[in-house]
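1. 3D, please:
(one chain, ligands or ions: 1)
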Amino acid sequence: MLQPKFHDRGGAGGDVRFRLGYAELLTPHYVSKPWGRRPLSDDPSGGQLIGEIVYRVPDVGLTIKWLQTSKPLSVQVHPQGAGRKDEWWYVVETQAEAYIDLGLKEPLARTKIAEAARNGSLPSLLNRITPVVGCSYFIRAGTIHALGPGLTVLEVQGMSDVTYRLFDYGRDRALHLAEALFEARTETGSVEVMPDGLASFTITRFDVEIDSRVTVISDRACLAIVSGEGIVDNQAFAADQCWFAHGPMSLHAKKQTCIILVEPRNASQTRLNLAGASKLTRPSRFA
Ligand SMILES: O=P(O)(O)OC[C@H]1O[C@@H](O)[C@@H](O)[C@@H](O)[C@@H]1O
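-> Residues are numbered from 1 along each chain as shown. As a prediction, this is how the structure comes out:
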């Protein structure tokens with residue numbers, strides 16, 4: 001269990017105690033995927049392709065994943081009903097071949113979607129986006145989508161992790177055509193950054209200047225360190241890590257640092273002091 005820390009304020013007033021927050025480095029779980037890449041630093045997989053580095057944070061009702069791709073993922077749908085899964089992507093790195101297929105180009109009957117899934121033409125019916133580093137995308141439950149190759153993406157979702165595959169480029173993995181067709185949105189929709197009030201979480205991106213300090217005030221949050229390094233709650237942090245934060249606590253950036261702060265929607269959202277907050281970047285237009 002995570003426990004709050006109490007500190008003796010000392011001084012002339014004697015043993016006045018006040019509560020400080022705490023930060024805890026979360027443990028990653030490495031998931032091998034046929035579309036993955038090797039981890040950049042260590043290799044806990046013994047040579048397998050790692051596609052997902054997963055942090056599950058039940059205390060906050062969130063799952064955070066770093067996705068690293070070398071091939072397209074399955075064309076898939078997440079449920080809108082039971083086990084609803086909305087997800088949010090932040091583009092960390094792109095290679096020349098990178099793309100994201102997001103939503104239908106035209107409204108399509110379920111029978112046509114099924115036919116295209118069976119004959120392999122489904123990717124050509126989706127909006128293809130050229131992702132740009134720093135852009136973010138909200139993938140509303142039920143949207144037909146697939147990440148392409150050459151991407152590192154930070155993904156935020158709730159605790160549900162249900163994926164129904166429509167098409168998998170001939171790979172030897174299960175498809176879930178009936179469930180996917182049932183859950184799929186058949187209309188078109190615009191590319192979204194983060195619609196108001198829909199997701200179970202909120203996102204704020206912070207760019208903290210080298211050698212500056214901010215105070216994390218959030219009551220329950222995750223800090224995904226996209227880049228940089230420094231000290232949080234007297235512990236060293238570095239890029240690619242994910243922390244649980246129970247504010248208030250101080251964060252000192254020793255290098256220019258980019259942090260994605262994720263909070264459950266019902267938390268007291270007082271966040272960091274707002275000095276370094278930047279707006280989420282609008283997605284690029286369809287290619
Ligand atoms: O079914 P595959 O292709 O392995 O992809 C599954 C992955 O898809 C991504 O778009 C995300 O939704 C991940 O959370 C999910 O684990």
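
2. Any idea how many residues pack against Glu187?
-> By the measure other C-beta atoms under 10 Å, the count of residues near Glu187 is 10. For glycine as for every other residue, the C-beta is placed from the backbone atoms N, C-alpha and C.

3. where does Asp175 fall, helix, sheet strand or coil?
-> Rather than Asp, residue 175 is Leu. coil (DSSP: H, G, I helix; E, B strand; the rest coil).

4. ok, now which ones touch it?
-> By C-beta atoms under 8 Å, 6 or more residues apart in numbering, the contact list for Leu175 reads 117, 165-168.

5. Could you report the separation of it from Glu209?
-> As defined by C-beta to C-beta, to the nearest Å, Leu175 lies at a distance of 48 Å from Glu209.

6. now swap in Arg165 and tell me
-> On the measure of C-beta to C-beta, Arg165 and Glu209 end up 43 Å apart.

7. which of these two has more neighbours?
-> Arg165 (20 against 14).

8. Let me know the helix or strand that the more buried one is in.
-> Here Arg165 is covered by strand 164-167, with elements defined by DSSP states H and E.

9. Return the set of buried residues in whichever helix or strand comes after that strand.
-> Next helix or strand after strand 164-167 toward the C-terminus (DSSP H and E): helix 177-183. For helix 177-183, the neighbour count (16 or more other C-beta atoms under 10 Å) marks 179-181, 183 as buried.

10. Please work out which residues outside helix 177-183 touch it.
-> Contacts with helix 177-183, where a contact means C-beta under 8 Å, 6+ apart, come from 76-81, 110, 113-114, 117-118, 141-142, 164-166.

11. so Arg165 makes contact with Val75?
-> Yes: with contacts counted by C-beta atoms under 8 Å, Arg165 reaches Val75, the gap being 7.3 Å.

12. And for the residue nearest to Trp88 when sequence neighbours are not counted, the neighbour number?
-> Nearest non-adjacent residue to Trp88, counting by C-beta to C-beta, 6 or more residues apart in numbering: Val156, 4.6 Å away. Counted with other C-beta under 10 Å, residues neighbouring Val156 total 25.

13. got it, and the one 10 residues further on?
-> Neighbourhood size, Leu166 [other C-beta under 10 Å]: 23.

14. pLDDT score for it?
-> On the pLDDT scale, Leu166 is placed at 98.

15. and the stretch 151-287 of the chain, which of its residues are near the ligand?
-> By C-beta under 6 Å from any ligand atom, the residues of the stretch 151-287 of the chain that approach the ligand are 155, 163, 165.

16. Let me see the contact set for Ile53.
-> Shown in contact with Ile53 (C-beta under 8 Å, 6+ apart): 28-31, 39, 65-66, 68, 240.
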